[in-house]
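A.B. asks: okay, sequence plus prediction incoming.
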Amino acid sequence: MPLADQLQVLALTADQEIKKAKTLQEVEALEIRFLGRKGELTGLLKGLAEVEKSEKPRLGQLANDIKRTIEGHVEKARTHLGASSMIDQLSQEQEDVTEPGVRSPEGHLHLATQAIQEITEIFARAGFTRVRYPEVEWDWYAFEALNMPKDHPARDEWETFFMDAPESSKCGKMILTPHATSGTARIMADKKVPIRAINISKTYRRQMDITHTPMFHQFDGVYVDKGIGITHLIGILDYFVKQFFGPTRKVRIRPFHFRFTEPSFEVDVSCGVCEGMGMVSGEKCRTCKSGWVELGGSGVIHENVLKAAGLDPKVYSGFAFGWGVERNYMMKEGMQLDDLRHMYKNDLRFLQQF
């Protein structure tokens with residue numbers, strides 16, 4: 001049989017077989033049978049080598065036309081059977097509009113943000129107003145206004161990040177604020193006494209270990225009025241510890257020295273990881289090593305700080321306190337957080353617990 005006749009028979013057979021297909025799988029099989037790399041059309045085209053050279057263009061064109069025709073039959077059958085399959089499926093399914101849908105994944109506030117909110121609410125109940133000040137600060141507010149003049153050795157302890165920026169003739173160098181106490185200097189400079197405020201902000205120091213990160217959040221509280229003394233300071237510290245850490249945690253207050261307060265104190269809280277024992281599973285606690293974790297500093301505001309703010313220390317007095325937000329949460333009841341750096345690794349296995 002001539003090749004042209006064989007091609008016509010192939011076209012007719014493909015048309016009949018495809019029309020008889022009942023499923024999409026049968027259509028796919030027929031497409032492979034007739035048009036596949038090893039299909040019937042490919043097999044017939046191998047015979048082109050044996051025909052007259054003058055006949056090859058005509059037969060090649062005929063083969064292409066037949067191929068397009070078969071492809072059209074396949075696509076038509078696929079569309080028809082696909083629609084029929086969908087109709088059959090829909091006719092068999094029943095939709096229950098009362099059935100709950102699949103809930104989309106939800107995020108939540110970061111652990112540090114949760115801590116800031118809780119701390120803000122605790123102090124709000126004590127009459128403290130939340131304030132915020134710049135993260136990029138001037139040397140004056142961070143040091144000089146806090147009784148740390150230029151070249152004072154106490155500045156070395158802060159591990160400060162200095163900015164590559166022009167200096168101010170009044171305020172000195174520009175820095176990334178190393179502590180939230182610079183906000184205390186700013187709010188006192190407004191001279192709107194009485195002052196009862198808490199500044200919570202990002203702070204920066206060149207430190208990195210299990211209880212420090214280069215960027216961390218710190219809050220600094222200040223209370224200035226007539227007749228304010230150390231008893232008021234102890235009262236607010238005791239109030240905060242009871243509200244934030246819970247009744248099972250112990251507090252230890254130690255005399256210390258800060259340039260901006262006199263007298264000054266460091267506040268310690270019993271470790272929440274080892275529960276104040278200093279040991280975990282027979283080994284020294286990685287977090288505290290002694291059963292106590294330093295909470296932060298506090299004290300009665302130094303008269304030089306009051307003077308730098310334009311307040312008369314013979315009329316006004318006050319106290320200040322401040323410490324890290326993240327370290328607060330490390331010490332919180334039931335946290336069992338033994339490395340502060342976990343909070344900023346973006347590991348969902350950790351963050352989704354909170």
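C.D. replies: Yep, that arrived.
A.B. asks: off-centre distance for the top helix by length along the chain?
C.D. replies: Secondary structure assigned by DSSP state H gives helix 56-92 as the longest helix of the chain. Averaging C-alpha positions (Cα atoms, centre = their mean, to the nearest Å) puts helix 56-92 52 Å from its chain's average.
A.B. asks: just how off-centre is the following helix or strand past it within its chain?
C.D. replies: Where DSSP states H and E defines the elements, the next helix or strand beyond helix 56-92 is helix 111-124. With Cα atoms, centre = their mean as the basis, helix 111-124 stands 17 Å off its chain's centre.
A.B. asks: same question, stretch 303-315
C.D. replies: Offset of stretch 303-315 from its chain centre (Cα atoms, centre = their mean): 41 Å.
A.B. asks: tell me the buried residues in the longest helix of the chain?
C.D. replies: By 16 or more other Cβ atoms under 10 Å, the buried positions in helix 56-92 come out as Leu59, Ala63, Ile66, Lys67, Ile70, His73, Val74, Ala77, Arg78, Leu81. Every residue, glycine included, has its C-beta placed from N, CA and C.
A.B. asks: closest one to Pro313 out of these, please.
C.D. replies: Arg78 (90.1 Å; Cβ to Cβ).
A.B. asks: helix, strand or coil for Ile199?
C.D. replies: Rather than Ile, residue 199 is Asn. strand (DSSP: H, G, I helix; E, B strand; the rest coil).
A.B. asks: and the helices in the chain, which stretches?
C.D. replies: Listed in chain order, the helices of the chain (DSSP H) span 3-20, 24-35, 40-45, 56-92, 111-124, 139-142, 181-189, 230-244, 303-308, 325-330, 348-351.
A.B. asks: report the inter-axis angle for the fifth one versus helix 230-244.
C.D. replies: Meaning helix 111-124. Between the axes of helix 111-124 and helix 230-244, defined by axes from the mean of the first three to the mean of the last three Cα atoms, to 10 degrees, the angle is 130 degrees.
A.B. asks: what's in contact with helix 111-124?
C.D. replies: With contacts defined as Cβ atoms under 8 Å, 6 or more residues apart in numbering, helix 111-124 is touched by 109, 130, 198, 200, 217, 219, 221, 240, 243-244, 325-326, 328-329, 343, 351, 354.
A.B. asks: cool, and the second one?
C.D. replies: Residues from elsewhere that reach helix 24-35, judged by Cβ under 8 Å, 6+ apart: 10, 14, 17-18, 21, 39-42, 67, 70-71, 74, 77-78, 81-82, 85.
A.B. asks: run the chain-centre distance for it.
C.D. replies: 52 Å.
A.B. asks: mind showing which ranges of the protein have poor pLDDT?
C.D. replies: Low-confidence segments of the chain, defined by pLDDT under 70: 85-95, 154, 157-158, 207-212, 330-340.
A.B. asks: now the strands: where do they sit in the stretch 201-350 of the chain?
C.D. replies: 215-225, 251-258, 261-270, 279-280, 283-284, 292-301, 317-324 (DSSP state E, counting those that start in this stretch).
A.B. asks: as CSV, these with mean neighbour count and distance to Asp139 would be great.
C.D. replies: CSV is the format used below for the strands of the stretch 201-350 of the chain (neighbours: other Cβ atoms under 10 Å; distance: least, Cβ to Cβ, whole Å):
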stretch, mean neighbour count, distance to Asp139
strand 215-225, 22, 17
strand 251-258, 14, 18
strand 261-270, 20, 20
strand 279-280, 15, 42
strand 283-284, 10, 40
strand 292-301, 22, 20
strand 317-324, 24, 19
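A.B. asks: so which of the ones you listed gets nearest Arg205?
C.D. replies: Set against Arg205 and scored by Cβ to Cβ, the strands of the stretch 201-350 of the chain come closest in strand 215-225, at 7.9 Å.
A.B. asks: quickly run through the sheet partners of the closest one, with directions.
C.D. replies: strand 195-204 (antiparallel), strand 317-324 (antiparallel) (DSSP bridges).
A.B. asks: so which of the helices of the chain gets nearest Ile253?
C.D. replies: The minimum distance between Ile253 and the helices of the chain falls on helix 230-244, with 7.4 Å, by Cβ to Cβ.
A.B. asks: may I see the buried residues of that closest one?
C.D. replies: For helix 230-244, the neighbour count (16+ other Cβ under 10 Å) marks His232, Leu233, Ile234, Ile236, Leu237, Phe240, Val241, Phe244 as buried.
A.B. asks: tell me how far the third one lies from Ile228.
C.D. replies: It refers to Ile234. Ile234 is 12 Å from Ile228, where distance means Cβ to Cβ, to the nearest Å.
A.B. asks: and for the last one?
C.D. replies: From Phe244 over to Ile228 the distance is 22 Å, taken as Cβ to Cβ.
A.B. asks: show me which of the buried residues of helix 230-244 is closest to Ile301.
C.D. replies: Leu233 (9.8 Å).
A.B. asks: quickly note the distance from the nearest residue to the closest one once chain neighbours are set aside to Lys191.
C.D. replies: Distances taken as Cβ to Cβ, 6 or more residues apart in numbering place Phe319 nearest to Leu233, at 3.9 Å, with adjacent residues excluded. Noted for Phe319: a distance of 18 Å to Lys191, by Cβ to Cβ.
A.B. asks: got it, and Asp312?
C.D. replies: To Lys191, Asp312 is 10 Å away according to Cβ to Cβ.
A.B. asks: got it, and Lys345?
C.D. replies: 44 Å.
A.B. asks: let me see the domain layout of the chain.
C.D. replies: 3-82, 111-351 (automatic domain parsing).
A.B. asks: okay, these, which one's buried deepest?
C.D. replies: Counting by mean count of other Cβ atoms under 10 Å, domain 111-351 has the highest mean neighbour count of those, with a mean of 17.
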